[in-house]
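> all I have is the shape, not the residue letters:
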């Protein structure tokens, strides 16, 4: 385990099929190692904090990936087409905008593929909400954007990490996944182990947490009080105001029906089998101040993964690690690409 000190005008998309031909030659790089039980310490450098710019870059192109049940998924591709591929899956109540920091930095020399989960961002809601549907959606994105046999590093935050776990046993996922980064996620017992409510563990806290997270109440406009509530529930105490504001605007944009419906899926989540099925090299990141998916989840996942290449715990950070420590998350993705991913043939 690695423990770090506290870091301070597009056209309408059209459906497409798979990308161009052929698997790609591997890049070079020494394999990443590090048992999840062997802690080290070190300071987060300035690069780990990333840029303060929360603007989402304009994509190189947009497309629609059609999932197994016909759901049309909004997909964005950023960066050079011949560059190593990175796929980003966002979490509950978020959108592609959540990955702005990673997209901006990685798209300089990577092909970054980001998509809106069903009901989120520019992907319309679907009557089907399940972990199987999340897996179908990720597979559809991989098939629509990668060539047969082409590999990518896949990063998932929160429900995006759960999407990866749900898809881990699928043939298409195994065909395309070179390595995985799991950020601030869990595989089961999400409500029972959440510490959003400052109460002792037990039936009362679980019942209250289920009702709070599954509330049908509208979030309303982004006010100072709304920012304070969101910061307490999802971010570390030291999070900069611009980070809190960016997250608040993304979360408040999620329709309340979508937020409510997916809360039930998360309440019943059991993807422990997906952890065992995730056999590619996988790194795990969590903030020690995460109240939605506390570090117990990351530690349990790291211990059970067939090929864990490191667990990083970030002191004082909350649930929104890609926003709270954008440079560090981007750096982990770069490490995985350098070590395990492939380049397009002829690049």
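Received the coordinates, thanks. Just so you know, these numbers come straight off a predicted model, no measurement behind them. Numbers count the residues shown, from 1 in each chain.
> measure residue 206 to residue 236 for me?
Per Cβ to Cβ, to the nearest Å, residue 206 is found 24 Å from residue 236. (C-beta placed from N, C-alpha, C; glycine too.)
> before we move on, what about residue 220?
From residue 220 over to residue 236 (counting by Cβ to Cβ), the distance is 24 Å.
> of the two, who's got more company?
residue 236 (24 against 10; other Cβ atoms under 10 Å).
> so that one sits in a strand?
No. Assessed with DSSP: H, G, I helix; E, B strand; the rest coil, residue 236 is coil; it does not lie in a strand.
> can we start the residue count at 4 from this point?
Fine by me, first position is 4 from now on; the one you just mentioned is residue 239.
> and it, what does it touch?
9, 290, 292, 319, 320, 321, 327 (Cβ atoms under 8 Å, 6 or more residues apart in numbering).
> what's the farthest-apart pair in those?
9 and 321 (11.3 Å; Cβ to Cβ).
> which residues of the protein fall in strands?
5-7, 17-18, 43-45, 64-69, 75-81, 88-92, 114-118, 155-160, 180-186, 285-290, 311-317 (DSSP state E).
> residue 253: which of those is closest?
So among the strands of the chain, strand 155-160 is nearest, using Cβ to Cβ, at 11.7 Å.
> what mean pLDDT would you report for that closest one?
Averaged across strand 155-160, pLDDT comes to 98.
> show me what it is packed against.
Applying 3 or more Cβ pairs under 8 Å, 6 or more residues apart in numbering; DSSP states H and E, we find strand 155-160 packed against strand 88-92, helix 162-170, strand 180-186, helix 329-343.
> which strands and helices sit next to the longest one?
The one in question is helix 329-343. Against helix 329-343 (3+ Cβ pairs under 8 Å, 6+ apart) you get helix 49-52, helix 103-109, strand 155-160, strand 180-186, strand 285-290, strand 311-317, helix 324-327.
> and the second one, average pLDDT?
Per-residue confidence for helix 103-109 averages out to 97 on the pLDDT scale.
> tell me which other helices or strands it touches.
strand 88-92, strand 114-118, helix 324-327, helix 329-343.
> mind running it again at 6 Å?
helix 329-343 (3 or more Cβ pairs under 6 Å, 6 or more residues apart in numbering; DSSP states H and E).
> list the buried residues in the helix it packs on.
329-340, 342-343 (16 or more other Cβ atoms under 10 Å).
> stretch 234-243 too?
Buried-residue list, stretch 234-243, by 16+ other Cβ under 10 Å: 234, 236, 237, 238, 239, 242.
> for residue 275, the count of nearby residues, please.
15.
> find the least confident helix or strand in this structure, judged by mean pLDDT.
strand 43-45 (a mean of 32; mean pLDDT, DSSP states H and E).
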